[in-house]
Structure formats: C-alpha cells, structure tokens
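I'll drop the sequence and a predicted model, then ask my questions.
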Amino acid sequence: MENRGSQHHRERLILAFRDELGTILAGELGDPRIGLVTVSEIVMAPGGKAMRVYVQIVGTEEEVEQSLLGLNAAKGYIRHELAENLSLRQAPEISFHIDRSEEITGRIDELLHRVNKKKKK
C-alpha cells in the first residue's frame with residue numbers, strides 16, 4: 001500500500017501527464033491519420049514505469065483505428081516531449097487504448113429504456 005505522500009505525488013504526476021498529453025495531441029502531432037483525440041483517463045503502473053492512456057476519438061470506426069495507429073507510431077515523440085516538458089529523466093512507457101465507456105453507457109441506457117417500456121405495457 002502506498003503512503004499518502006507518494007499517492008499524492010502520483011496523482012499530481014497523472015494530472016500533469018494528462019494536461020501535457022492534451023496539449024501534444026491537440027496540435028503538435030503532424031500525422032494526418034490522427035483525428036480529434038481527447039484523453040479521458042490515465043492509469044499508471046505502481047512503479048511509474050508504464051501508463052495506459054485511454055482516449056476518446058471522434059469519427060467512424062475506421063478513422064478511430066487509423067488515429068490509434070497514428071498515436072502508436074508517435075509514442076517515441078510523445079514520450080520525449082513529456083520527459084522534456086515535465087523535466088523528467090525518463091517518461092513512462094505509454095500504451096494507448098480506446099475508451100468505449102460512452103458507447104457502453106449509451107447501450108445500458110437503451111436497454112434500461114426498453115425494460116421500462118415493457119414494464120409499462
């Protein structure tokens with residue numbers, strides 16, 4: 001179990017990564033495959049050596065896949081920029097994942113709506 005000080009440091013670091021990633025993804029990447037990408041959540045490994053970045057991507061399923069390919073191709077640049085801009089010796093390994101929570105929430109809402117309709121009949 002982490003002590004309170006290191007947990008607070010970890011939370012601040014995650015917020016800094018989130019802000020910096022948002023800036024990098026908004027305008028510093030020149031890959032035409034990357035569309036409108038928003039960082040929704042960052043999960044950092046206990047040692048701080050790796051992090052999962054969950055992103056929401058606007059577009060069709062093909063555009064989403066192309067954006068994810070573009071993000072994975074730019075990992076090295078993104079890590080370099082994070083380390084430089086946040087004054088880190090080494091940025092953590094990054095893995096990008098599509099955040100499908102909105103789709104799942106929408107599907108759950110739809111199913112609940114159907115159940116409520118059947119109950120009223």
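Cool, the structure landed.

hey, let's count contacts and neighbours off CA atoms from now on
OK.

now the residue nearest to the spatial centre of the chain: how far from residue 40?
The residue lying closest to the centre of the chain (C-alpha atoms, centre = their mean) is residue 54, at 2.6 Å. Distance, residue 54 to residue 40, by C-alpha to C-alpha, to the nearest Å: 6 Å.

Which neighbours do the two have in common?
Listed contacts common to residue 54 and residue 40 are residue 99; contacts here mean C-alpha atoms under 8 Å, 6 or more residues apart in numbering.

just to revisit the earlier point, before we move on, what SS does the residue nearest to the centre of the chain have?
strand (DSSP: H, G, I helix; E, B strand; the rest coil).

which residues touch it?
39, 40, 41, 42, 96, 97, 98, 99.

buried subset of the residues you listed?
39, 41, 42, 96, 97, 98, 99 (16 or more other C-alpha atoms under 10 Å).

Quick check: the two most widely separated of the residues you listed?
42 and 98 (11.6 Å; C-alpha to C-alpha).
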